[in-house]
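Engineer: This is the structure alone, sequence omitted:
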């Protein structure tokens, strides 16, 4: 028996947003760690990010990064990017095209920073930028940070580097792998048009 979302646009959208919403709070969700792909004229780059916000009413997804990260520089030149999600058990893939906003030291980052746990704040306290060359294997952190020997007050220094990437969704392409026959659809947010695609 095929699921309700097999051939129904409304049910597909209900399903995909429920999976995105769940990924924000459920650490074991495969959708929690999508691949984020961005590019400038010289280079295309992809990496895993952690989904931190899913907002269906505004068609927005968000993740956090360090202001000094190479992807921030890329996004400052080209705001167009893509997120790829895949859930092996559900057999569902999403390819989400987005336009990115870089947020640093504003109301969006203030709200997100307040929710960022002590354990996670140390990522933004390193002296050197993510991706910097090092002569030795390193976490980039002094031993006190590695041992979590710092207070919440001391962690506030990391706010300078803390950055929220707000991804405004342009389109969502859905693929469902089924033995009876795969199904593929695209939801174009910009022109509010839904279309079936050949898988």
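Structural biologist: That came in fine, so what should we check first? Worth saying up front: this structure is predicted, and the values here are computed from it rather than measured.

Engineer: Output the below-cut-off pLDDT ranges for this structure.
Structural biologist: 142-148 (pLDDT under 70).

Engineer: which stretches of it form strands?
Structural biologist: Under the criterion DSSP state E, strands of the chain are mapped to 35-39, 44-48, 51-55, 60-66, 80-87, 92-104, 162-176, 183-188, 193-197.

Engineer: what's the closest of these to residue 127?
Structural biologist: Counting by CB to CB, residue 127 lies closest to strand 60-66 out of these; the figure is 12.0 Å. C-betas here are computed from N, CA, C, even on glycine.

Engineer: which outside residues touch the closest one?
Structural biologist: 20, 36, 49-55, 71-72, 83, 96, 98, 112, 116, 123-124, 126, 129-130, 161-169 (CB atoms under 8 Å, 6 or more residues apart in numbering).

Engineer: closest one to residue 28 among the strands of the chain?
Structural biologist: So among the strands of the chain, strand 80-87 is nearest, using CB to CB, at 11.1 Å.

Engineer: Tell me what angle the lengthiest helix in the chain forms with strand 60-66.
Structural biologist: Longest helix in the chain by number of residues (criterion: DSSP state H): helix 9-25. Here helix 9-25 runs at an angle of 30 degrees relative to strand 60-66 (axes from the mean of the first three to the mean of the last three CA atoms, to 10 degrees).

Engineer: Would you mind checking the contacts of strand 60-66 for buried ones?
Structural biologist: 20, 36, 49, 51-54, 71-72, 83, 96, 98, 112, 116, 123-124, 126, 130, 161-167, 169 (16 or more other CB atoms under 10 Å).

Engineer: what's the closest non-adjacent residue to residue 98?
Structural biologist: Nearest-residue entry for residue 98: residue 167, 3.8 Å, with adjacent residues in sequence omitted and distances by CB to CB, 6 or more residues apart in numbering.

Engineer: Quick check: the one you found touching residue 82?
Structural biologist: No. Assessed by CB atoms under 8 Å, residue 167 is found out of contact with residue 82, at 9.4 Å.

Engineer: And stretch 74-93, end to end?
Structural biologist: For stretch 74-93, the first-to-last residue distance is 25 Å (CA to CA, to the nearest Å).

Engineer: what residues does it touch?
Structural biologist: Against stretch 74-93 from outside (CB under 8 Å, 6+ apart): 15-16, 19-20, 23, 29-31, 34-41, 43, 45, 49, 61, 94-102, 165, 167, 174-178.

Engineer: residues of that stretch that come out buried?
Structural biologist: Buried, per 16+ other CB under 10 Å, within stretch 74-93: 74-75, 79, 81-83, 85-86, 92-93.

Engineer: before we move on, back to that, could the strands of the chain go into a markdown table alongside distance to residue 137?
Structural biologist: Below are those laid out as a markdown table (distance: least, CB to CB, whole Å):
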| stretch | distance to residue 137 |
| --- | --- |
| strand 35-39 | 25 |
| strand 44-48 | 19 |
| strand 51-55 | 28 |
| strand 60-66 | 19 |
| strand 80-87 | 29 |
| strand 92-104 | 29 |
| strand 162-176 | 25 |
| strand 183-188 | 43 |
| strand 193-197 | 45 |
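
Engineer: Since that was my last question, I'll sign off now.
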